[in-house]
Structure formats: structure tokens, C-alpha cells
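Asks: sequence and predicted model, in that order:
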Number of protein chains: 2
Amino acid sequence: MVIIIPGGKDMKIILLTLFLSISSFAVEGLAERAKNVGLKCIPKEQAQLDKLLANKDNPITKAKLDLGKMLYFEPRLSKSGLISCNTCHNLGLGGVDGVSAAIGHKWTANPHHLNSPTVYNSVFNIKQFWDGRSPDLEDQAMGPIQAGPEMAMPKELAVERISAIPGYKEPFQKAFPGQENPITFTNIGKAVAAFERTLVTPSGYDSFLQGEQNALSKGEQKGLETFISKGCTACHNGPGIGGSMMQRFPLIKPYEFANLGDFKGDANGLVKVPVLRNIEETAPYFHNGAVWSLEKAVKIMGETQLGMDLSDVEVEDITIFLKALTGKKPDITYPKLPPSSNQTPKPDSN
Amino acid sequence: MVIIIPGGKDMKIILLTLFLSISSFAVEGLAERAKNVGLKCIPKEQAQLDKLLANKDNPITKAKLDLGKMLYFEPRLSKSGLISCNTCHNLGLGGVDGVSAAIGHKWTANPHHLNSPTVYNSVFNIKQFWDGRSPDLEDQAMGPIQAGPEMAMPKELAVERISAIPGYKEPFQKAFPGQENPITFTNIGKAVAAFERTLVTPSGYDSFLQGEQNALSKGEQKGLETFISKGCTACHNGPGIGGSMMQRFPLIKPYEFANLGDFKGDANGLVKVPVLRNIEETAPYFHNGAVWSLEKAVKIMGETQLGMDLSDVEVEDITIFLKALTGKKPDITYPKLPPSSNQTPKPDSN
């Protein structure tokens, strides 16, 4: 077959058109390839999103969300009256505390030197906690409230204290209609979890997966290419770009900070793969918060999980892509919590 | 003079009219009397309010407010990275922490067993801190950041850390236009203070002083009557119903919890009269947070300051009035703080 190509101006237009088609095809190809290796966007369509975030045993209602937000910021859920969910999972700081190991009641550091994971997009974790011991956010939310080195609050006292704050009566009745005594520890967990389920943060990355070619810059696209081609998506996939599975860590080569803390994963030595959304905001990294630089964390992941010595350029490319995962956080009006009464059990800082 | 009063239905209408006039006069009288003894409302008119809140050395602008709010909620202003202004002056909890003595860095209680005063309406304090050692909020805001038992942050490190968070550059430039290097410790204090100046909480009490007769219930009016007639307004006056002067405490009879902590006021033994707005939300009471019940606090004030044994009814009346001082808090969107960089000095929990 012979194609006759005209010269001059026409030639330029044809070549330009050809170039644009190819690059558009390449981009479409990248988004397709990303989806083929298991990367998923946060749906734009509300009904689809609702379905993704839902827990059939804990339907999300406006009343439950309002209550859940109050309880999320409620320091009186801690023994001392000073620590709330938001203390370690600060919604202003990417959903974390920004320290290596969580610090809680009486300034106690996490005994296993575990780093607080972000609450943003935590709904995309198939299981909760680093060892995946909790099946969902409803169950998880009840953990740190009771844990001695965190909020140190006996669950009976949590219920007693919240019950003795008169302004909580109506919000609980509205959030759990038809229940004779809705202020229970389980319902506290359910309300907090309902609020947490809504804390998802779409970014340009999601628009890109949905076909908006310019939603990621060329550099970010190159980083996504590298992220896929190096095999990061083997574990970091799904709508959280992580959170969808458990994995051995380290898998291939040793982790140089393995001795910081004594965490070794679940009974099978498996660790939950962390969500990578907003990773730029959630330093320090790894289960023990040993690494402060995102570039270094990427380099280490190459070694420990892929057995690869990623080049500086590859590390930089991947980092540029990871920074594109910083998403739009929901606007949150700081809650006005109801006052304690003379009957409210007092805080105890000991 | 003979007044002929018709009988039957007309009679009832006349008596009703007469009664309404008298009670309306009585109410007007109460609001007038309140103003005569120095009680002042928070102005409804914006220009008047702006004038009341202003500090000519620190003009309030939208950009400064936005920055001030970020810094108010910024835990990286503390050495540990975990404590912000909002930790002890929680905007969701009436502007306080709800514990007897403030607890800060390394879980250290305030060495003088001092209770955190509310940030709401703190603009109405003629001086800041319990001993009035600080002239204004701009100066005050720099104190707790540096105090060892509070945020424990050397001011140089505060500036270094904030300067090394790239996302703060533009907000500081906008808040302090024309300054070559706007990220200074003084400007941190100014921005926080500008935000704090706006945290005023008008209530029905203010509408009542402005002439809305039904803005306080009959019981609340009775309480205000008692509050005035017993002489509480000698110290608790001005727009804060407190904050306008220093006074000896105890003044007449001993304070039964005087030995909790070693605070004895300023060099002259004077203590700043606390603002009473939102007092229902700011237990425990007194400089050393020794008393949890508002009724008991009122009873004690009668003894220590007025040398009076207030009856249960008088205590209840005054308490009902004090609860009417719970005001409308501004809606605050929780700030999204800019991420740290590899250059940001790390948190230090020791």
C-alpha cells in the first residue's frame, strides 16, 4: 500500500493530528493498563460511591454522620478527657499525627512502636489495624478508645460518661431510631465508623482513570507508568491504592529498621498493605514510622518487596506520581460538643 | 382624683393592658439597671463589633484570620507535634479542656495547678492570664507555645518548623503583606490572636440588653435581678461579664480549696476576674479548677467575694441566669494544614 503524503502546511497538520492521536492513545492506554492491573478510581457518581462506602449493617444517615463527627472529635471518650480519635488521626494533617509511634494516655508511646495509619480512605482497607485483626471500621473504632496506651477508656465508663452528657441523648436517638437505649459502646463505634466511611479524597488521579487525559501531568503519568511497570501494583491496588490485601513485609530483602519495635505482622507474618492516597501528608512511613522521606520509603519498598535497586530517576518518578494521590478532603465544620453535667464522670489523667 | 373603672370584659382588658405595661416597664427597667451597673452587650451592628474587637497594632483581615485559624489548630507549633492551642482551649468544648489543671508536653500538669481559661470572648479581658501579666492576646498567644509544661517549643524552632512547611509561605505573605520575611514568632502570635479576637458568642442575654424583652425567660430575668442585687456585677461587668478588672480572691472569707496549687495572684495579690460567658461549658471552676458544680461555684463566690451566705434559691436563680450566657459560637471549618517537607524539623516527644 502506498500512502501519498502532501508536503508543506498540510503535511504539518497531518503530522500534528497523527501525533495527538498517538499520544491520546498512549494516555488512554495508560489508564486502561492501570485499571487492568487492579487500580480503581473513587467513583464520581454518588450512587456508585455510596455503594462502595456502605456497610449493610451500619447504614450511613445524616443523623449518624453528625453524631459520628461529634464523637470523632470528643476527648471525653478518653479516660483523661484530653484525647480524641482526631488526636492521632488528625483530619487537618492528612488523617495522622505525624509522629513515628502513636502517643496516648499519660504520654505513653505505642508499645510496639506502631505508626498511626491515616483515617482518610481507611474505608478501602479490607481489614483494619496493621495486622488486620479487625474486620471493619465499626469494630476498629472501639479499639483505640479502650487501649491502655491510647485513650485508656473502659467501655462501661465511655457509655456512662456519654450518657451523662444530656446533649447526646437526642443525637443518639436520631442516629439509632427505634432503639430503647441507643447510647451503647457498639453504637459509639458505629457512629464514628459511619463518619469515617465518608472520609474519601478523590484527586486528579481518579479523573485520569476516568478518562480525563490532562488530569495528571506528563511527569505524573510517567510516574504511574513506572509504578505499574515495576510491579508496585501487585500489592498497591484497588480504590485505596493499597488496603486491599495483606502481604509479607519485608518480602525479599531485609528491612533495615526492622528492629524498631517488635511488630511482625499477623499470625502468618502478614502486614496490611497501606493505602497510598495522601501519602505525601502521612510521614513518617512504614508500620514503625522509621522513615521520614517519601523518596527513601519508595527506595526501600523497591528493595524489600520487589528485590530491585530502583534508580534515582525511578524513585523520583514514582514519588511524583504518589504526590498526585493527594486528594480533596471533605470540608468539616468543627463540632460544638454538648456540655458535661454535674453527673458526668470526671476526667482522670492517671 | 376619681378613676371610673368599668366592669365586665372591658375591665379585664384594661387590667391586662395595665399589667403588660407594668411588666414591660419592669423588663425595660431591668435591662436599664443592668447597663447602669456596667453590664454591656456584644453589639449586633458589625462596625460597632469590629471596633470593640480591634487592636490597632494588629488589624484583622480575612487572610490573617485564615492563617490564624490554621496556626490555632497547628500541633507542629509544639515540640512534640501533638499539642495545639486547641488542645487546651478546645473550640468544641466551650474553649477549654475540661480538666482541673492544664496538661501539656510529656503529660505535665500545670505546675501552679492553673485551670485553662476559655478562649471564647477572651478578647474582652483587659489583660491576659490569671495574673494579668500579658497585655493582650497577641502577646499571650506566644506564651503557651514556649512554656515547658504546655507546648514546650523554643520560639526559634517554631519559626524554623513553620518556615520549612512550604504551604505556609503564601498564607503568611498574604496575612502580612509587604514584609520581606513574614514568618516570625511575633507574626505567629498576631495571626493566632486575630483569629481569637473573632471568637465572641452573643446570646439571648445580649438581645435582652438591646431591648428584646422575651430574649430572656422570666426565670433568667429573675436570675439577672439577683445577680445585680447581690453585687456580682461589682466585678463581673463589661461585655465579657468579667475580664474587665483584677480583684483579690478570696476577698472577704477564705476559699476552701486555696491550698490546691500555689497561685496567689499578681504582685499585689490580684487575680483577673474571669469572663462568665459560656460558664456552663467551662467547668471545673476557679483558677485552680477545684470546683465542678456551677451551683457550688456560685455559692463559694457569695462567701469569698461578697461575704454572703446565698440561699439555695438565690444560687439557683443566679445559675439559671449564668446558663443564659451560653452563646452562639462561630461556625469553624476545620483547617487543612499544609504537609511537612523533608526539611521540616522533626517532632520531639522528649
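Replies: That came in fine, so what should we check first? All values derive from a computational prediction rather than experimental measurement. Numbers count the residues shown, from 1 in each chain, chains lettered A, B, ... in the order given.
Asks: drop to CA atoms for contacts and neighbour counts, all remaining ones
Replies: OK.
Asks: next one: phi and psi at the residue in the stretch 1-150 of chain A that chain B sits nearest to?
Replies: Per C-alpha to the nearest C-alpha, residue A:92 is where the stretch 1-150 of chain A lies closest to chain B, at 4.5 Å. Main-chain dihedrals, residue A:92, degrees, to the nearest 10: phi -90, psi -10.
Asks: okay, it: pLDDT?
Replies: Per-residue pLDDT puts residue A:92 at 98.
Asks: what's the burial count for the closest residue to it other than its chain neighbours?
Replies: Distances taken as C-alpha to C-alpha, 6 or more residues apart in numbering or on different chains put residue B:336 closest to residue A:92, at 4.5 Å, once the chain neighbours are dropped. A total of 19 residues lie near residue B:336 under the criterion other C-alpha atoms under 10 Å in any protein chain shown.
Asks: the one 3 residues further on now?
Replies: Counted with other C-alpha under 10 Å, the neighbours of residue B:339 add up to 21.
Asks: tell me which element it is part of?
Replies: Residue B:339 belongs to no helix or strand when assigned by DSSP states H and E.
Asks: and the residue nearest to it when sequence neighbours are not counted, how far is that from residue A:97?
Replies: Of all residues not flanking residue B:339 in the chain, residue A:281 sits nearest, at 5.1 Å (C-alpha to C-alpha, 6+ apart). Distance of residue A:281 to residue A:97, computed by C-alpha to C-alpha, to the nearest Å: 10 Å.
Asks: likewise residue A:76?
Replies: From residue A:76 across to residue A:97, the span is 19 Å (C-alpha to C-alpha).
Asks: what does residue A:139 give?
Replies: For residue A:139, the distance to residue A:97 (C-alpha to C-alpha) stands at 21 Å.
Asks: next one: residue A:167
Replies: Counting by C-alpha to C-alpha, the gap from residue A:167 to residue A:97 is 29 Å.
Asks: chain B contacts on the stretch 251-350 of chain A?
Replies: Residues of the stretch 251-350 of chain A lying near chain B by C-alpha under 8 Å from any C-alpha of the partner chain: A:280-281, A:292-293, A:331-340, A:342, A:347.
Asks: out of those, who's the most crowded?
Replies: Going by other C-alpha under 10 Å, residue A:340 tops these with 25 neighbours.
Asks: which residues are in contact with it?
Replies: Contact analysis of residue A:340 by C-alpha atoms under 8 Å, 6 or more residues apart in numbering or on different chains lists A:164, A:165, A:166, B:281.
Asks: next: residue A:136.
Replies: Taking C-alpha under 8 Å, 6+ apart, we find residue A:136 in contact with A:123, A:125, A:126, A:127, A:128.
Asks: can you select the buried ones from these in ChimeraX?
Replies: In ChimeraX, a selection of the buried entries from these looks like this (16 or more other C-alpha atoms under 10 Å in any protein chain shown):
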select /A:123,125,126,127,128
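Asks: so which of the contacts of residue A:136 are also by chain B?
Replies: The subset of the contacts of residue A:136 lying close to chain B, counting by C-alpha under 8 Å from any C-alpha, is empty.
Asks: okay if I get the contacts of residue A:136 as CSV plus secondary structure?
Replies: Listed next are these as CSV, based on DSSP: H, G, I helix; E, B strand; the rest coil:
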residue, secondary structure
A:123, helix
A:125, coil
A:126, coil
A:127, coil
A:128, strand
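Asks: dump the contacts of residue A:136 to a markdown table, plus pLDDT.
Replies: Below are these laid out as a markdown table (pLDDT from 0 to 100):
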| residue | pLDDT |
| --- | --- |
| A:123 | 98 |
| A:125 | 98 |
| A:126 | 97 |
| A:127 | 98 |
| A:128 | 98 |
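Asks: name the element residue A:66 belongs to?
Replies: Using DSSP H and E, residue A:66 falls in helix A:62-72.
Asks: so that helix, near chain B or not?
Replies: No. On the criterion C-alpha under 8 Å from any C-alpha, helix A:62-72 is out of touch with chain B, staying 8.9 Å away.
Asks: distance between stretch A:176-189 and the chain's centre?
Replies: Here the centre of stretch A:176-189 is set off from its chain's centre by 27 Å, with C-alpha atoms, centre = their mean, to the nearest Å.
Asks: hang on, I meant stretch A:145-161
Replies: Taking C-alpha atoms, centre = their mean, one finds stretch A:145-161 lying 24 Å from the centre of the chain it belongs to.
Asks: what about residue A:79, is that helix, strand or coil?
Replies: Applying three-state DSSP: residue A:79 is coil.
Asks: ok, the closest residue to it other than its chain neighbours - contacts?
Replies: In this structure, residue A:79 finds its nearest non-sequential neighbour in residue A:153, 4.7 Å apart by C-alpha to C-alpha, 6+ apart. Neighbouring residues of residue A:153 by C-alpha under 8 Å, 6+ apart: A:77, A:78, A:79, A:145, A:146, A:147.
Asks: ok, residue A:221 next?
Replies: Residue A:221 sits next to A:30, A:321 when contact means C-alpha under 8 Å, 6+ apart.
Asks: now the one 10 residues further on
Replies: Contact criterion C-alpha under 8 Å, 6+ apart gives residue A:306 as the residues in contact with residue A:231.
Asks: mind pulling up the pLDDT for it?
Replies: Per-residue confidence at residue A:231 stands at 97 (pLDDT).
Asks: drop anything exposed from the contacts of residue A:340.
Replies: Listed as buried from the contacts of residue A:340 are A:164, A:165, B:281; burial here means 16+ other C-alpha under 10 Å.
Asks: in strands, which of the residues you listed fall?
Replies: Among the buried ones among the contacts of residue A:340, none falls in strands (DSSP state E).
Asks: any chance of those residues in TSV, plus pLDDT and distance to residue A:241?
Replies: Shown next, in TSV, are the buried ones among the contacts of residue A:340 (pLDDT from 0 to 100; distance: C-alpha to C-alpha, whole Å):
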residue	pLDDT	distance to residue A:241
A:164	98	42
A:165	98	40
B:281	98	43
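Asks: how close does residue A:104 sit to residue A:95?
Replies: Using C-alpha to C-alpha, residue A:104 is found at 16 Å from residue A:95.
Asks: same thing with residue A:251?
Replies: 27 Å.
Asks: quick one: which of those two has more around it?
Replies: Per other C-alpha under 10 Å, whichever of residue A:251 and residue A:95 has more neighbours is residue A:95, with 25 against 15.
Asks: tell me the contacts of that one?
Replies: Taking C-alpha under 8 Å, 6+ apart, we find residue A:95 in contact with A:86, A:88, A:89, A:117, A:118, A:119, A:120, A:282.
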